[in-house]
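**Q** Below are the sequence and a predicted model for it; my questions follow.
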Amino acid sequence: MSESRAGFGSKLGLILATAGSAVGLGNVWRFPYMTGTDGGAVFILIYFFCILFLGIPCMVSEFIIGRHGASNTARAYAKMAPKGSFWRWVGFLGVATGFLITGYYAVVAGWCLQYMYASAANQLQGDHAAIASYFTDFSASAFLPVFWTAIILLFTHYVIIHGVRGGIEKASKMFMPTLFVLLLVIVVSSCMLPGAGKGISFLFNPDFSKLNSNVFLDALGQSFYSLSIAMGCICTYASYFSRQTNLLKSAVQISIIDSVVAILAGLMIFPAAFSVGVSPDSGPSLIFITLPHVFQQAFSGVPVLGYVLSLLFYALLSLAAITSLISLHEVSTAFFYEELHLTRKKAAAIVTGGTLTVGLFCSLSLGAMSSLSIAGHSLFDVFDFVTGQIFLPIGGFLTCIFLGWVVPRNVVKDEFTNWGTLRSTLFGAYIFSVRYVCPLSILAIFLHQLGVF
Ligand code: PHE
């Protein structure tokens, strides 16, 4: 067990690994399409408020539980919970959510690998309809998506079995800087296109007439998703932090990295889309259908540039997905490793096998075995809905109530290390937030998602 608790080797490693969990498909895929459908700059403005007032306090909460427990998420909650109370199950919920979402997330990450391959092989050609049918045919086929899901899970497995320092931290230190460089190359190319200015102003000039309750609630949900809240990831990584780590400061740094990547993703996509007159409000299909077409058209004068940028874009997307997948995998690996007293390798093998099975059924439910559905929705959609829109808000809500109302104040305050004279003020703001602001806001998203208002 001591090997797993060795923890991160450096502050940079800790920040990059946790930012790697946060930066993922949520930034490059979900954030741009939500910005597109929710009116641009106004959504971004509200999103930043949500990150600041809700996302950061929730991230700090998970940090507190994880570092205090210095064990997997299930046990970390149990250690803080009053003996025999139901609160320890909240940690199990985090692990279960993390496990289920790993399989589903691996399928989408696998699509990114296929698109990287397809860009390299120059297969993403033709008009919009041709690219749309490429996506539907591919995602509904039986073999290829499952193949890529297996590849990405095996790669994740390889990283995980090398431990926290030799695997997770090392991979993050390589992948995160690469991701930034790729991002910058594409942003610069996209912003230099003729007519790119319209895309930039869509991102930065708020049009308040677009504001409605949906924009607000989408921004809230996205801020949680993007910071990897309530899936056990943040809590598990925090269990590898040392007492010297300033939790609030780290949460702020990670949120800044995450938000910068999201904005850069917007700057990569919207200027190019506007320059060829493509509307950015196509929803989830934005990066798999709209974008290949945009790349092709925007750089039609220099096709080789379109080719290279498309390849770089899907490489970037795959990297972003892998670092998140690693953190998701680690949630369950740490759980099996510590609870069943297995070796890290065996625990990781159980997780890889289990999540591959989940991924297999999710992927097949999109076409080859469309009978795999519940109430008319494919298993894939059910997973997306149940984990992202039911378990995530419930886990986040309960975590805030737990730290705000159940755990003794001095235990929580004890984790506010390294703040000097600011400590009491910051702690007061934090407690107010987890007692009132966060739970009420999460309740609002949850009820809205269930259609109550
Ligand atoms: N934060 C990740 C993203 O932006 C998604 C994620 C959610 C990853 C929960 C891990 C856990 O894509």
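**A** Yes, it's here.

**Q** Tell me the residues on the stretch 1-150 of the chain that lie near the ligand, please.
**A** Neighbours of the ligand within the stretch 1-150 of the chain, by C-beta under 6 Å from any ligand atom: 21, 22, 24, 25, 26, 27. For glycine as for every other residue, the C-beta is placed from the backbone atoms N, C-alpha and C.

**Q** Quick check: the last one is in a helix.
**A** Yes: residue assignment for residue 27, taken from DSSP: H, G, I helix; E, B strand; the rest coil, places it within a helix.

**Q** That one reaches residue 258, doesn't it?
**A** Yes: between residue 27 and residue 258 there is a contact under C-beta atoms under 8 Å: 6.6 Å.

**Q** Quickly list what's touching both of the two.
**A** Common contact partners of residue 27 and residue 258 (C-beta atoms under 8 Å, 6 or more residues apart in numbering): residue 226.

**Q** which stretches of the stretch 351-453 of the chain form helices?
**A** Along the stretch 351-453 of the chain, the stretches classed as helices by DSSP state H, counting those that start in this stretch are 379-385, 392-401, 409-413, 423-432, 438-449.

**Q** Just name the most buried of the ones you listed.
**A** Counting by mean count of other C-beta atoms under 10 Å, helix 392-401 has the highest mean neighbour count of the helices of the stretch 351-453 of the chain, with a mean of 23.

**Q** Show residues contacting it.
**A** So helix 392-401 is contacted by 57-58, 61-62, 65, 87, 90, 93-94, 97, 221, 224-225, 229-231, 434-435, 438-439, 442-443, 445-446, 449 (C-beta under 8 Å, 6+ apart).

**Q** what does the stretch 151-300 of the chain put close to the ligand?
**A** 225, 226, 228, 231, 233.

**Q** Let me know the pLDDT of the fourth one.
**A** In this prediction, residue 231 carries a pLDDT score of 89.

**Q** show me where pLDDT drops low in the stretch 1-150 of the chain?
**A** 1-5 (pLDDT under 70).

**Q** what helix or strand is residue 271 on?
**A** Taking DSSP states H and E as the definition, residue 271 sits inside helix 247-275.

**Q** Now do the buried residues in that helix.
**A** Across helix 247-275, burial judged by 16 or more other C-beta atoms under 10 Å covers 247-248, 250-255, 257-259, 261-275.

**Q** could you point out which element follows it?
**A** Sequence-wise, the next helix or strand downstream of helix 247-275 (DSSP H and E) is helix 290-298.

**Q** can you give me the angle that following helix makes with helix 247-275?
**A** Per axes from the mean of the first three to the mean of the last three C-alpha atoms, to 10 degrees, the angle that helix 290-298 makes with helix 247-275 is 50 degrees.

**Q** starting at the chain centroid, how far to helix 290-298?
**A** How far helix 290-298 lies from its chain's middle: 25 Å, per C-alpha atoms, centre = their mean, to the nearest Å.

**Q** Now do the helix or strand just after that helix against helix 247-275, angle only.
**A** Going down the chain from helix 290-298, the next helix or strand is helix 303-339, by DSSP H and E. Angle, helix 303-339 to helix 247-275, by the same axes, to 10 degrees: 150 degrees.

**Q** ok, helix 303-339 near the ligand or not?
**A** Yes: Helix 303-339 lies within reach of the ligand by C-beta under 6 Å from any ligand atom, at 324, 327, 328.

**Q** now the helix holding residue 271, how far from the centre of its chain.
**A** Remark: helix 247-275 is offset 13 Å from the chain centroid, using C-alpha atoms, centre = their mean.

**Q** closest to residue 38 out of the helices of the stretch 351-453 of the chain?
**A** For residue 38, the closest of these is helix 438-449, at 13.8 Å, according to C-beta to C-beta.

**Q** Could you name the helices and strands sitting against the helix holding residue 271?
**A** Where contact means 3 or more C-beta pairs under 8 Å, 6 or more residues apart in numbering; DSSP states H and E, helix 247-275 is packed against helix 11-22, helix 31-37, helix 41-50, helix 56-69, helix 170-191, helix 196-204, helix 290-298.

**Q** and these as a markdown table, adding mean neighbour count and distance to residue 102?
**A** Shown next, in a markdown table, are these (neighbours: other C-beta atoms under 10 Å; distance: least, C-beta to C-beta, whole Å):
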| stretch | mean neighbour count | distance to residue 102 |
| --- | --- | --- |
| helix 11-22 | 24 | 12 |
| helix 31-37 | 24 | 21 |
| helix 41-50 | 20 | 25 |
| helix 56-69 | 25 | 17 |
| helix 170-191 | 18 | 16 |
| helix 196-204 | 17 | 32 |
| helix 290-298 | 24 | 25 |
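
**Q** Which of those helices sits closest to residue 355?
**A** Smallest distance to residue 355 across the helices and strands packed on helix 247-275 (C-beta to C-beta): 15.9 Å, for helix 11-22.

**Q** Show me what that closest one is packed up against.
**A** If you count contacts as 3+ C-beta pairs under 8 Å, 6+ apart, helix 11-22 packs onto helix 170-191, helix 233-238, helix 247-275, helix 303-339.

**Q** of all those, which lies closest to residue 420?
**A** helix 247-275 (12.0 Å).

**Q** Tell me what angle that closest one forms with helix 56-69.
**A** Going by the same axes, to 10 degrees, helix 247-275 is angled at 140 degrees with respect to helix 56-69.

**Q** Distance to the ligand added to the helices of the stretch 351-453 of the chain, as CSV?
**A** Formatted as CSV, these follow (distance: least, C-beta to the nearest ligand atom, whole Å):
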stretch, distance to the ligand
helix 379-385, 12
helix 392-401, 8
helix 409-413, 23
helix 423-432, 22
helix 438-449, 15
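
**Q** In JSON lines, list these along with mean pLDDT and distance to residue 192.
**A** Formatted as JSON lines, the helices of the stretch 351-453 of the chain follow (pLDDT from 0 to 100; distance: least, C-beta to C-beta, whole Å):
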{"stretch": "helix 379-385", "mean pLDDT": "82", "distance to residue 192": "36"}
{"stretch": "helix 392-401", "mean pLDDT": "91", "distance to residue 192": "38"}
{"stretch": "helix 409-413", "mean pLDDT": "92", "distance to residue 192": "49"}
{"stretch": "helix 423-432", "mean pLDDT": "91", "distance to residue 192": "42"}
{"stretch": "helix 438-449", "mean pLDDT": "86", "distance to residue 192": "38"}
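
**Q** now for the ones you listed, which one comes closest to residue 120?
**A** Closest to residue 120 of these is helix 379-385 (C-beta to C-beta; 26.1 Å).

**Q** now for that closest one, which elements pack on it?
**A** Partner elements for helix 379-385 (3+ C-beta pairs under 8 Å, 6+ apart): helix 88-120, helix 344-364, strand 373-374.

**Q** Recalculate using a threshold of 6 Å.
**A** Applying 3 or more C-beta pairs under 6 Å, 6 or more residues apart in numbering; DSSP states H and E, one finds that helix 379-385 contacts helix 344-364.

**Q** close to the ligand, is the helix it packs on?
**A** No: residues of helix 344-364 are not located near the ligand by C-beta under 6 Å from any ligand atom, the shortest gap being 12.7 Å.
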